[in-house]
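Engineer: Structure of the sequence below:
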Amino acid sequence: MIKAESFAEAVKKRGFGLWTGVPCSYLKPFINFVIDDPEQQYVAAANEGDAVAIAAGAQLGGLRAIAMFQNSGLGNAVNPLTSLTYTFQIPILLIVTLRGEPGGAPDEPQHKLMGEITERMLDLMEIPWEYFPDEADAVENALARAVSHMDIYRTPFAFVMRKGSVEPHKLRTRPQPRPQRCIAAAGRVDASESTRADYLRAVQSSVSDRDLIVATTGYTGRELYACDDRENQFYMIGSMGCASSLGLGLALSQPGRRVYVLDGDGALLMRMGTLATIGYQRPTNLVHILLDNHCHESTGGQSTVSHSVDFCAIAAACGYPDIHRIVNAGALRSLLREPPDMLRFIHAEMLQGVPEDLPRPSVTPEQVARRISAYLARIP
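Structural biologist: Presented below is the predicted three-dimensional model:
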């Protein structure tokens with residue numbers, strides 16, 4: 001058994017500065033220690049997949065990150081682990097607890113099957129792993145192996161944590177309440193007047209050279225590429241619903257840059273819990289733009305349920321301080337001209353329709369990720 005401090009200090013020395021995840025009793029010492037440590041940051045994710053995407057965003061922004069959660073939530077993380085971190089080659093460190101370990105301590109019945117297949121699931125996802133070090137003198141070597149893999153192969157590495165690996169650590173810090181403070185009313189608006197391309201051009205004409213743009217999966221990324229391919233643009237593929245979490249990680253790791261997340265109604269509905277995480281963190285440099293055409297356009301135009309959802313009211317309830325609802329690209333351009341120093345949510349009603357012969361990006365996902373890292377290094 002080791003102290004939480006011994007592992008936390010060791011990863012800090014190796015450049016890790018952001019921890020995110022979903023609590024587990026096995027992880028409680030780590031979470032408590034990191035929350036108490038002013039030199040590190042813990043972001044409470046709404047689910048395990050969001051934690052992977054937040055960590056990936058931080059890593060993309062140059063800050064090593066750790067995503068940790070119970071193995072019962074590993075299934076929630078499968079999608080971003082296979083279509084985001086693997087596809088874009090974004091290395092993050094995982095700590096997955098081993099509840100329901102065969103032959104281990106008795107546990108709740110819901111952990112039995114996952115306890116039997118956790119290691120096999122990691123193997124299937126081609127994520128190398130080893131058991132979490134439970135002796136202080138084993139920490140450095142274990143971390144060296146993990147970081148070496150991450151640096152060479154640019155994919156995640158996992159520690160599988162058994163019960164009793166870490167000594168208890170009592171939480172001393174109490175979270176500060178962050179009440180809702182919405183300063184902009186978002187009343188009802190008329191029917192949409194602009195296309196997706198209209199909105200994307202408005203964004204591209206408004207961002208500075210230091211800004212970053214994250215486009216959700218589907219036609220949004222493809223149309224953004226078609227409008228103008230730029231080094232500061234991230235085209236999400238797969239990982240549906242994870243664009244806002246990745247944008248949050250980017251915003252936290254790059255506080256001196258403004259990050260624009262171009263979301264979709266279907267994607268946001270899939271992982272709407274992210275709004276609560278972002279609304280609590282409230283990064284002042286994040287602009288969350290929802291392009292809402294009320295359908296899954298890239299899969300045949302099937303309707304989403306966004307017709308009956310008030311996204312602005314949800315964003316306000318989740319803690320977003322600045323909220324707007326618009327129907328045309330001119331209004332978006334006006335809002336982006338002088339963005340406030342606070343988290344902003346913009347619900348943009350959008351016309352359906354896609355340009356003919358819409359191209360797919362010629363840059364590979366790995367190239368997209370690496371050129372953003374190079375861009376961040378070149379333009380401080």
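Engineer: who touches residue 23 in this structure?
Structural biologist: 31, 44 (C-beta atoms under 8 Å, 6 or more residues apart in numbering). Glycine gets a C-beta too; all of them are placed from N, C-alpha and C.
Engineer: what does residue 351 give?
Structural biologist: 192, 193, 194, 195, 196, 293.
Engineer: Save the residues you listed as JSON lines, and put in neighbour count, distance to residue 59 and pLDDT too.
Structural biologist: Formatted as JSON lines, the contacts of residue 351 follow (neighbours: other C-beta atoms under 10 Å; distance: C-beta to C-beta, whole Å; pLDDT from 0 to 100):
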{"residue": "192", "neighbour count": "20", "distance to residue 59": "36", "pLDDT": "82"}
{"residue": "193", "neighbour count": "16", "distance to residue 59": "39", "pLDDT": "86"}
{"residue": "194", "neighbour count": "22", "distance to residue 59": "34", "pLDDT": "93"}
{"residue": "195", "neighbour count": "20", "distance to residue 59": "34", "pLDDT": "94"}
{"residue": "196", "neighbour count": "27", "distance to residue 59": "29", "pLDDT": "94"}
{"residue": "293", "neighbour count": "22", "distance to residue 59": "31", "pLDDT": "90"}
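Engineer: what mean pLDDT does stretch 50-68 have?
Structural biologist: Averaging pLDDT along stretch 50-68 yields 98.
Engineer: distance of residue 213 from residue 289?
Structural biologist: 10 Å (C-beta to C-beta, to the nearest Å).
Engineer: Just give me the residues shared between the contact sets of those two.
Structural biologist: Common neighbours of residue 213 and residue 289 (C-beta under 8 Å, 6+ apart) are 203, 260, 262.
Engineer: Among the residues you listed, which lie within helices?
Structural biologist: residue 203 (DSSP state H).
Engineer: Closest to residue 96 out of the shared contacts of residue 213 and residue 289?
Structural biologist: The shortest approach to residue 96 among the shared contacts of residue 213 and residue 289 belongs to residue 262, at 31.2 Å (C-beta to C-beta).
Engineer: what is the residue lying closest to that closest one once chain neighbours are set aside paired to in the beta sheet?
Structural biologist: Among residues not flanking residue 262 along the chain, residue 215 sits closest, at 4.6 Å (C-beta to C-beta, 6 or more residues apart in numbering). Residue 215 has these beta-bridge partners by DSSP bridges: residue 235, residue 262.
Engineer: Residue 215 touches residue 236, doesn't it?
Structural biologist: Yes - counting by C-beta atoms under 8 Å, residue 236 is a contact partner of residue 215 at 6.1 Å.
Engineer: Isn't residue 145 up against residue 130?
Structural biologist: Yes - using C-beta under 8 Å, residue 145 makes contact with residue 130 at a distance of 7.2 Å.
Engineer: What sits closest to residue 311 if chain neighbours are left out?
Structural biologist: residue 347 (5.0 Å).
Engineer: can I assume that neighbour sits in a helix?
Structural biologist: No - counting by DSSP: H, G, I helix; E, B strand; the rest coil, residue 347 is not part of a helix but strand.
Engineer: can you pull the contacts of residue 292?
Structural biologist: 264, 265, 306, 311, 347, 348, 349, 350.
Engineer: got the phi/psi numbers for it?
Structural biologist: phi -110, psi 110 (degrees, to the nearest 10).
Engineer: Likewise for the one 10 residues further on?
Structural biologist: Backbone dihedrals for residue 302, given as degrees, to the nearest 10, come out at phi -60, psi 140.
Engineer: Cool, thanks, signing off.
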